[in-house]
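Asks: what's the 3D shape of this:
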Amino acid sequence: MTEEATRDAPISAPQLLDSLKDNTASHVRLELLSTTNLAEIQAAIEVNTSLQHAELLLDASCDKRTIQDMGSLLRSISSRPNLRQMALKSNLADDEQLSPRYALPMTTLVAVLERASGLQILHLGDVQLSGNTKDFASLEGVIRNHSSLHELSCTCWLSEQTRMAVGLSIDPLLRAITASRSLQSLSFQPSFFGGDLTNVTLGMLCYVPTLESINISKCHIPDEGMIAMATAMQSNKILRELQVTCRLEEPGCLALAQCLRQNASLEILSIHNTYSNIHIESTNIDIDITKSGTSGDTEDDSDETTVDDDHYLPIALTLQQSNRTLQELTMHGTRLCKSSQDAFVNTLKDNYSLMKVSLLGLIDSLQKKIEMYCRLNRAGRRNLMETGRAAPRQRWVETLTQVAGDLDCLFYLLSTKPSLCDLENMTMDDDPPTLYKRRMESEDTTSDSSKKKPRSA
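Replies: Numbers count the residues shown, from 1 in each chain. Here you go, the predicted model:
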């Protein structure tokens with residue numbers, strides 16, 4: 001299947017070849033089958049100079065020869081002078097997989113990056129890589145010297161032969177990525193690990209001077225790895241978004257709290273915590289482990305099982321007292337105990353920056369409070385409440401208008417500034433309701449005067 005950037009409908013293979021030769025194809029989408037004539041497509045691509053976006057889909061029918069020919073095709077595509085985006089992934093269903101005997105040589109990936117000097121976005125999805133220590137070193141060098149690569153998305157793994165024969169893990173691949181001096185967004189979601197990521201590599205990742213977004217939410221980092229990242233982020237002034245899956249214990253929470261206290265750039269933080277230290281607070285509770293679907297939606301359920309042992313309290317306190325840059329916070333995986341839930345609600349009372357907060361297992365009443373504070377923050381509560389900002393009355397009215405459909409938000413604003421209810425001594429420009437009130441009074445006065453006026457003879 002092939003597709004042009006300006007179209008949604010697929011075009012035929014002859015049409016693709018003609019559009020490539022005529023320089024009218026700027027976006028190609030190729031489904032690589034064992035029967036695909038890659039040589040013919042490659043010849044047409046080599047005379048094309050308008051290609052900007054190429055997407056290659058590996059089919060389950062791909063054999064060793066197809067993979068080998070694909071390497072040559074990738075080299076031709078990457079040498080196109082206007083190429084800005086390339087994707088190599090499989091079109092397989094979840095229960096399908098490519099033959100483990102065929103892997104993309106890392107030397108091919110190196111050649112692609114060397115040739116595609118203007119490439120900005122590279123996506124490797126469900127791709128198996130093969131190579132050796134020398135290939136890793138070559139990859140690190142080409143990434144370091146690439147000046148235009150801004151976005152890299154990887155859902156890949158190392159071939160079994162590479163892992164077993166060379167003794168390599170996925171860690172050197174990520175370490176090579178940390179050599180980049182142009183990368184702004186990294187999504188690293190390996191499908192298989194031949195070894196854990198080292199703490200040194202994780203720390204290096206947060207020192208990349210241009211990286212604004214990191215998504216390693218499938219990497220299952222230990223608490224020590226999270227400490228390394230949090231320590232590195234303390235001085236980071238670029239990173240805006242971090243998504244991570246980790247075993248976040250008390251030391252990691254303390255390190256993360258310290259990071260949030262000093263970091264002034266992070267706006268989005270998403271943590272899936274795999275740490276589980278479940279204990280029962282009451283010995284008079286019978287537990288049936290065969291029951292499923294237990295939820296944290298009720299207050300009764302919240303007191304039965306706790307998971308986090310108040311480890312999150314330093315984070316909540318930091319967000320309440322110090323951090324004013326974080327806008328979105330997600331903490332899933334483990335369910336917060338009651339004291340941590342209360343702490344985050346108290347945080348939202350004084351934090352005017354958080355606009356979206358998602359915590360696991362909140363009881364209904366606390367969930368509603370957090371949603372209310374986030375809604376108020378999105379409506380501009382910071383401009384009204386921060387010390388030293390004497391917000392004009394009209395700004396309060398504008399905020400009231402934005403939350404007009406929420407009685408809880410209205411009550412909060414009116415109780416915080418009761419003078420909004422005072423309709424005396426206002427100018428018409430200050431408050432539209434005042435204008436309406438005075439207009440009604442004027443109409444009533446006119447009506448009364450007309451009734452009292454005697455009839456003329």
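Asks: quick one: low-confidence ranges for this structure?
Replies: Residue ranges of the chain with pLDDT under 70: 1-13, 92-102, 166-167, 191-196, 277-309, 386-391, 422-457.
Asks: care to break it down by domain?
Replies: 1-102, 385-448 (automatic domain parsing).
Asks: leaving out the residues flanking it, which one is nearest to Arg395?
Replies: Nearest residue to Arg395, sequence neighbours excluded (CB to CB, 6 or more residues apart in numbering): Asn383, at 6.1 Å. Every residue, glycine included, has its C-beta placed from N, CA and C.
Asks: so for the helix or strand that contains that neighbour, what gets flagged as buried?
Replies: Assigned by DSSP states H and E, Asn383 belongs to helix 381-385. By 16 or more other CB atoms under 10 Å, the buried positions in helix 381-385 come out as 381-382, 384-385.
Asks: please compute how far it lies from its chain's middle.
Replies: On the basis of CA atoms, centre = their mean, to the nearest Å, helix 381-385 sits 26 Å off its chain's mean C-alpha point.
Asks: and the residue nearest to Tyr312 when sequence neighbours are not counted, how many neighbours?
Replies: Excluding the flanking residues, the one nearest Tyr312 by CB to CB, 6+ apart is Ser340, at 4.5 Å. Neighbours of Ser340 under the rule other CB atoms under 10 Å: 25.
Asks: let's verify Ser340: helix, strand, or coil?
Replies: Reduced to three states with DSSP: H, G, I helix; E, B strand; the rest coil, the structure at Ser340 is helix.
Asks: what separation do you get for the nearest residue to Leu32 once chain neighbours are set aside and Asn323?
Replies: Nearest residue to Leu32, sequence neighbours excluded (CB to CB, 6+ apart): Leu58, at 5.5 Å. Distance, Leu58 to Asn323, by CB to CB, to the nearest Å: 44 Å.
Asks: circling back to that earlier point, the residue nearest to Tyr312 and Ser117: what is the separation?
Replies: For Ser340 relative to Ser117 (CB to CB), the value is 50 Å.
Asks: and for Leu348?
Replies: 48 Å.
Asks: ends of stretch 157-164, how far apart?
Replies: Using CA to CA, to the nearest Å, the end-to-end distance of stretch 157-164 comes to 13 Å.
Asks: from the chain's centroid, how far away is that stretch?
Replies: That offset, for stretch 157-164, works out to 29 Å (CA atoms, centre = their mean).
Asks: buried residues of it, list them for me.
Replies: 157-159, 162-163.
Asks: cool, and stretch 412-423?
Replies: Going by neighbour count (16+ other CB under 10 Å), the buried part of stretch 412-423 is 412-413, 417, 420.
Asks: how far does stretch 257-269 stretch from one end to the other?
Replies: Start and end residues of stretch 257-269 are separated by 12 Å (CA to CA).
Asks: oh sorry, the question was meant for stretch 153-173
Replies: Using CA to CA, one end of stretch 153-173 lies 13 Å from the other.
Asks: Ile358 against Phe344, yeah?
Replies: Heads up, residue 358 is Ser, not Ile. No: in this structure Ser358 lies outside contact range of Phe344 using CB atoms under 8 Å: 10.8 Å.
Asks: so between the two, which is more surrounded?
Replies: Counted by other CB under 10 Å, Ser358 and Phe344 do not tie: Phe344 has more neighbours, with 26 against 14.
Asks: list the residues that contact the closest residue to the more buried one other than its chain neighbours.
Replies: Of all residues not flanking Phe344 in the chain, Ala316 sits nearest, at 4.9 Å (CB to CB, 6+ apart). Going by CB atoms under 8 Å, 6 or more residues apart in numbering, Ala316 touches 340, 343-344, 346-347.
Asks: okay, these in TSV with secondary structure and distance to Arg375 next?
Replies: Output for the contacts of Ala316, formatted as TSV (DSSP: H, G, I helix; E, B strand; the rest coil; distance: CB to CB, whole Å):
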residue	secondary structure	distance to Arg375
Ser340	helix	22
Ala343	helix	20
Phe344	helix	16
Asn346	helix	17
Thr347	helix	16
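Asks: now for Arg75, how many residues are close by?
Replies: Neighbour count of Arg75, defined by other CB under 10 Å: 17.
Asks: again, but for Arg29
Replies: 18.
Asks: with Asp350 instead?
Replies: Quick note: Asp350 (other CB under 10 Å) scores 11 neighbours.
Asks: what's the closest non-adjacent residue to it?
Replies: Of all residues beyond its chain neighbours, the one nearest Asp350 is Gln320 (5.2 Å), with distances taken as CB to CB, 6+ apart.
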